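K.L.:
need a structure here:
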Amino acid sequence: MKGALLFLALILTTQVKAVNLDSLYKDDVSSIEKICEAMIASYSGKASETKDWKRFENLFLSTAQQLDVSFEEEDEIVVSSLSDFMEHSKPWYDKSDFKEWALKYTIHQFGNIASVVQSWECEWNTPADKDTGSSRGLHGFQLVFNQGRWWIVNMIWDGETEDKIIDVKFTN
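P.N.:
From the prediction side, this is the model:
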């Protein structure tokens, strides 16, 4: 009996947490544009500000993959689960002044699925590492509409380099 009550309490706590996240971030997932804007806003901000990683996590299916194809250090695609991406990336974002903004969205939607290409630009300053810079690139998202909201199914991104210049069709 004690075990059954504990199990029931765990389920109710989990459901209350989900309801609280859903109501707290309901507007973020109400449209394709808003979910893309919320994704950037969740990790942008000053180093002295707390980034909203719960908000970030709430945008994605728990099985979502993050694919980095920018090849900054090695010539291989880096594929991460949502939790691995946050574990790896969170420390850098949290210690950095980081601001990212969307330049343009290209959205293709059919029924409950959508594909988005989003051009972005960003600036950062990481005082502890004496690292400052800026860059541009593209995010690709696949989304699904389910349970009355949009979910990011996966995300892929690449950064602009001297050899890879973003076509103007993605920025104007």
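
K.L.:
In the chain, which residue is most central in space?
P.N.:
M39 (4.3 Å; C-alpha atoms, centre = their mean).

K.L.:
Phi and psi next, for that residue.
P.N.:
M39 adopts backbone torsions of phi -60, psi -50, taken as degrees, to the nearest 10.

K.L.:
who touches it in this structure?
P.N.:
Contact analysis of M39 by C-beta atoms under 8 Å, 6 or more residues apart in numbering lists 56, 59, 152, 155. All C-beta atoms are positioned from the backbone trio N, CA, C, and that covers glycine.

K.L.:
buried set for stretch 75-84?
P.N.:
Going by neighbour count (16 or more other C-beta atoms under 10 Å), the buried part of stretch 75-84 is 78, 80, 82.

K.L.:
Just the closest of these to L138, please.
P.N.:
Top of the list for closeness to L138, among the buried residues of stretch 75-84 and by C-beta to C-beta, is V78 at 15.9 Å.

K.L.:
so what's the closest one bridging to?
P.N.:
Note on V78: beta-bridge partners D68, judged by DSSP bridges.

K.L.:
correct me, but it touches D84?
P.N.:
No - the pair V78 / D84 is not scored as a contact, 9.7 Å apart, by C-beta atoms under 8 Å.

K.L.:
Let me know the closest of the buried residues of stretch 75-84 to D129.
P.N.:
Set against D129, the nearest of these by C-beta to C-beta is V78 (20.1 Å).

K.L.:
Give the next helix or strand downstream of the biggest strand by length in the chain.
P.N.:
In the chain, assigned by DSSP state E, the strand with the most residues is strand 131-146. Scanning forward in sequence from strand 131-146 by DSSP states H and E, the next helix or strand is strand 149-159.

K.L.:
F60 and W151 touch, don't they?
P.N.:
Yes - under the criterion of C-beta under 8 Å, F60 makes contact with W151 at 6.6 Å.

K.L.:
Specify which residue of the two has the higher count of neighbours.
P.N.:
Comparing F60 with W151 by other C-beta atoms under 10 Å, the one with more neighbours is F60, at 23 against 19.

K.L.:
can you pull the contacts of the more buried one?
P.N.:
82, 151-153, 155.

K.L.:
Would you reformat the residues you listed as a markdown table and include distance to A114?
P.N.:
Supplementary listing: the contacts of F60 in a markdown table, determined by distance: C-beta to C-beta, whole Å:
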| residue | distance to A114 |
| --- | --- |
| L82 | 19 |
| W151 | 10 |
| I152 | 10 |
| V153 | 10 |
| M155 | 13 |
